[in-house]
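J.: Quick one: sequence and predicted model below, then my questions.
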Amino acid sequence: IDWVEQLPKTAVRRRPVLGIIYALSLFATNTNQAMQKLAEIEVSLTDVDLTLVDSSDPMITGMLAVGQAYEAGVSDQMPSQAQHALDGLEQLPMAAAMWRGSAAILLGFAYWGTDNLKEAQRAFSEGLRSMEQAQNVSAIISALHLLAAGSIAQGRQHQARRYCQQASRLMETHGENWQGAADIFVVLAQLSLEQQQLPEAEAQLSHAQSLGEEATYTVTHHHWFVTMAQLKAAQGEWAASDRMLTEAMLAKIKGPAPEVRPIPAVRARLLLQNGRISEAAALLAERRITLATPPTYLREFELLTLVRLLLRQPIQPATHKEIQRLLTTLHDAAKMADRRRSLAEISLLQARAAHASGNETDTFRSLRTAITLGEQEQFVHLFVAEGEPVAHLLRQLAAQLNAPAYAQTLLAHFPKPAEQTETAVLLDPLS
């Protein structure tokens, strides 16, 4: 709606519905301008001589609340985002299904950012029902995408796949030429990658790309590049992986969703997998991630990346204790929120930390926990990406009595010991 720019400023301010829609569209290109427009609309609604509509109309105030919830999400103000979204749901009439759906989804983002994924999924489900009421295919697909992404965050791979299948059935009926369609195939690629099904992941990403940029949203477009970077790393194509992450940074536009996996932290993690320890350390230092960083949900990914970095270097006993305390804190938070993948990942790192300190009992207790959780949702890449240090522990565990059968399943996805490169063997001098 670039034509709005050609209108006199007073014309837009006198028509708050147009102004709100225009402001929301601006978030995709100019966040500061979008925020300024919303502020102008809020002021104009208090000027009875300026606006052409009833400023107390619940449709107008509800739409403004949705815009303010979006703005709060972009600014990482989750409490304000939740309050504005709730205000929107309270004020908007039931017939305004699309706007009510948007408010519910923004409420879900606020819950997600505060590690309340159960409530986030409920809010996304409410958003889906509203979009279905509005009979907007693109909005329905996008709501299903968010439910699938939320399920992945919970570590519920099977549930995420069911949401994607639901979206696929919708596209079989209505076609794939809808905004948000490509995002479904990116999620499917993430699920395939987690199961170490690399050809399937590549095909799904290729299909997503073939749908064109109009089949995704500006605030989600970077997910394709991040997922492709992780796939290329899994295939050992490190230069291509680096290029994809650079493209992801260029495509990244801050949206209202919480940023639980910052791209620089993803890059640091992949650098560690490639043995480029000093570069990974520099990235984490740039983001000021240390063992003293508050262990919040939004910092979990970065902190677990830091733990991986520390476990690849000679460290003092005092640092071992700090690592173990941090992992315990993160484990307790993940358990309370019932985030299964986080629990499996943290348990796996607890096993590595215990092994580094020479505590074999805790090593295999934690490793068994990680394997049990991994088998429930078929996590594979989580283990394989750790490389030889974890393969070594899995081989030791598999040789024990009553070893979990899934240990052998996981080992089948690792390169054989003779295939390991010298660099890979030396990645973790503590193992």
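T.: Here it is on my side, so go on. Numbers count the residues shown, from 1 in each chain.
J.: Can you tell me how far residue 123 is from residue 61?
T.: 20 Å (Cβ to Cβ, to the nearest Å). From N, CA and C alone the C-beta is placed, and that goes for glycine too.
J.: more neighbours, those two?
T.: residue 123 (26 against 19; other Cβ atoms under 10 Å).
J.: Without its sequence neighbours, what residue ends up closest to that one?
T.: In space, and not counting its chain neighbours, residue 123 is closest to residue 108: 3.4 Å by Cβ to Cβ, 6 or more residues apart in numbering.
J.: From what I see, the one you found and residue 146 are in contact.
T.: Yes: contact criterion Cβ atoms under 8 Å: residue 108 and residue 146 qualify, at 6.9 Å.
J.: Give me the below-cutoff pLDDT ranges for the stretch 1-150 of the chain.
T.: Along the stretch 1-150 of the chain, the parts satisfying pLDDT under 70 run over 1-15, 28, 43-55.
J.: Helices of that one, residue ranges please.
T.: Ranges of helices in the stretch 1-150 of the chain, per DSSP state H, counting those that start in this stretch, are 9-13, 16-26, 31-44, 58-74, 78-91, 97-113, 117-134, 137-154.
J.: what about the spatially closest residue to residue 27 that is not a sequence neighbour, distance to residue 139?
T.: In this structure, residue 27 finds its nearest non-sequential neighbour in residue 34, 4.5 Å apart by Cβ to Cβ, 6+ apart. Separation of residue 34 from residue 139 (Cβ to Cβ): 20 Å.
J.: who are the neighbours in contact with residue 350?
T.: Residues near residue 350 by Cβ atoms under 8 Å, 6 or more residues apart in numbering: 324, 327, 328, 331, 362, 366.
J.: in which helix or strand would I find the residue lying closest to the first one once chain neighbours are set aside?
T.: What it means is residue 324. Closest residue to residue 324 apart from its sequence neighbours, by Cβ to Cβ, 6+ apart: residue 353 at 5.8 Å. Assigned by DSSP states H and E, residue 353 belongs to helix 340-356.
J.: show me where pLDDT drops low in the stretch 301-431 of the chain?
T.: In the stretch 301-431 of the chain (pLDDT under 70), the answer is 418-431.
J.: For it, which segments count as helices?
T.: Assigned by DSSP H, counting those that start in this stretch, the stretch 301-431 of the chain shows helices spanning 317-337, 340-356, 360-377, 381-384, 388-398, 405-411, 422-425.
J.: which helices and strands does the longest one pack with?
T.: If I follow you right, that is helix 317-337. Helices and strands touching helix 317-337, by 3 or more Cβ pairs under 8 Å, 6 or more residues apart in numbering; DSSP states H and E, are helix 300-310, helix 340-356.
J.: What is the nearest of the contacts of residue 350 to residue 286?
T.: Closest approach between those and residue 286, by Cβ to Cβ: residue 327, at 23.3 Å.
J.: List the residues that contact that closest one.
T.: With contact set as Cβ under 8 Å, 6+ apart, residue 327 has these partners: 307, 346, 349, 350, 353.
J.: ok, 10 Å please
T.: Residue 327 is in contact with 295, 303-304, 307, 345-347, 349-350, 352-354, 366, counting by Cβ atoms under 10 Å, 6 or more residues apart in numbering.
J.: Not counting sequence-adjacent ones, nearest residue to it?
T.: residue 350 (5.1 Å).
J.: same check, this time on residue 258
T.: Going by Cβ to Cβ, 6+ apart, residue 258 has residue 113 as its nearest residue, at 3.4 Å.
J.: my read: that neighbour touches residue 257, true?
T.: Yes: counting by Cβ atoms under 10 Å, residue 113 does reach residue 257; the two are 8.1 Å apart.
J.: neighbour-wise, which of the two wins?
T.: Between residue 113 and residue 257, counted using other Cβ under 10 Å, residue 113 has the larger neighbour count: 24 against 19.
J.: Return the distance of that one relative to residue 256.
T.: Distance from residue 113 to residue 256, by Cβ to Cβ: 10 Å.
J.: before we move on, what about residue 142?
T.: 13 Å.
J.: what does residue 414 give?
T.: According to Cβ to Cβ, residue 414 and residue 256 sit 39 Å apart.
J.: circling back: more neighbours, residue 142 and residue 256?
T.: residue 142 (26 against 23).
J.: who are the neighbours in contact with the nearest residue to that one once chain neighbours are set aside?
T.: Distances taken as Cβ to Cβ, 6+ apart put residue 180 closest to residue 142, at 3.9 Å, once the chain neighbours are dropped. Contacts of residue 180 were listed using Cβ under 10 Å, 6+ apart, and they are 137-146, 167, 171, 215-217, 220.
J.: List just the nearest of those residues to residue 95.
T.: The nearest member of the contacts of residue 180 to residue 95, counting by Cβ to Cβ, is residue 139 at 15.6 Å.
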